[in-house]
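Asker: Please find the sequence and the predicted model below.
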Amino acid sequence: MPEALKFALYLLIMAGVTYLVRMLPLVLVKRKIENRFIKSFLYYVPYSVLSVMTVPAIFAATPSLISAVIGFAVALVLAYFERGLMTVALSGCGAVLATELILLLIK
């Protein structure tokens, strides 16, 4: 099978699965959800999915686990104190950069 056809097939399958995942809840659930447990569960799903995608990438993005942990800690503390997204992201990156430079000087 040619690569272009294979790619198109994969793309169509992924589009179909994505469409079904988004469409099925709208079709199957007709009335308002009133169960407190389900509402609470659905409220936290976006945060948990974002965390599951982001946290492993944070620790895999740097050559040193030490700099990743320090950058993550700085970002976590600033986010806890409700700083803006740009401040948190730039401070985390700055902490990683500073840690990597210090590690280079030590070695």
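Answerer: Yep, it's here.

Asker: Going along the chain, name the helices of this protein.
Answerer: All helices of the chain, identified by DSSP state H, fall at 3-28, 36-60, 65-80, 85-106.

Asker: deepest of the ones you listed, which one?
Answerer: Ranked by mean neighbour count, the helices of the chain are led by helix 65-80 with a mean of 16 (mean count of other CB atoms under 10 Å). Backbone N, C-alpha and C define where each C-beta goes, glycine included.

Asker: Identify the residues contacting that one?
Answerer: 55, 58-62, 87-89, 91-96, 99-100, 103 (CB atoms under 8 Å, 6 or more residues apart in numbering).

Asker: how about a cut-off of 10 Å?
Answerer: The contact list for helix 65-80, computed with CB atoms under 10 Å, 6 or more residues apart in numbering, reads 54-55, 57-62, 64, 83-85, 87-103.

Asker: same thing with stretch 82-90?
Answerer: By CB under 10 Å, 6+ apart, stretch 82-90 touches 74-81, 91.

Asker: And this protein, split by domain according to the record?
Answerer: 1-30, 43-106 (automatic domain parsing).

Asker: hey, least reliable of the ones you listed by pLDDT?
Answerer: Per-stretch mean pLDDT for the domains of the chain is lowest at domain 1-30 (a mean of 91).

Asker: returning to what we had before: looking at the contacts of stretch 82-90, which one is closest to Val27?
Answerer: Ala79 (36.8 Å; CB to CB).

Asker: got the CA positions of stretch 94-107 in PDB?
Answerer: What follows is stretch 94-107, C-alpha atoms only, in PDB (Å, rounded to 0.1, in the frame of the first residue of the first chain):
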ATOM      1  CA  GLY A  94      14.100  30.800  33.300                       C
ATOM      2  CA  ALA A  95      14.600  28.500  36.300                       C
ATOM      3  CA  VAL A  96      15.400  25.600  34.000                       C
ATOM      4  CA  LEU A  97      17.900  27.700  32.000                       C
ATOM      5  CA  ALA A  98      19.600  29.000  35.200                       C
ATOM      6  CA  THR A  99      19.800  25.500  36.600                       C
ATOM      7  CA  GLU A 100      21.300  24.100  33.400                       C
ATOM      8  CA  LEU A 101      23.900  26.900  33.300                       C
ATOM      9  CA  ILE A 102      24.800  26.200  37.000                       C
ATOM     10  CA  LEU A 103      25.100  22.500  36.200                       C
ATOM     11  CA  LEU A 104      27.400  23.300  33.300                       C
ATOM     12  CA  LEU A 105      29.700  25.400  35.500                       C
ATOM     13  CA  ILE A 106      29.800  22.700  38.200                       C
ATOM     14  CA  LYS A 107      30.800  19.900  35.700                       C
END
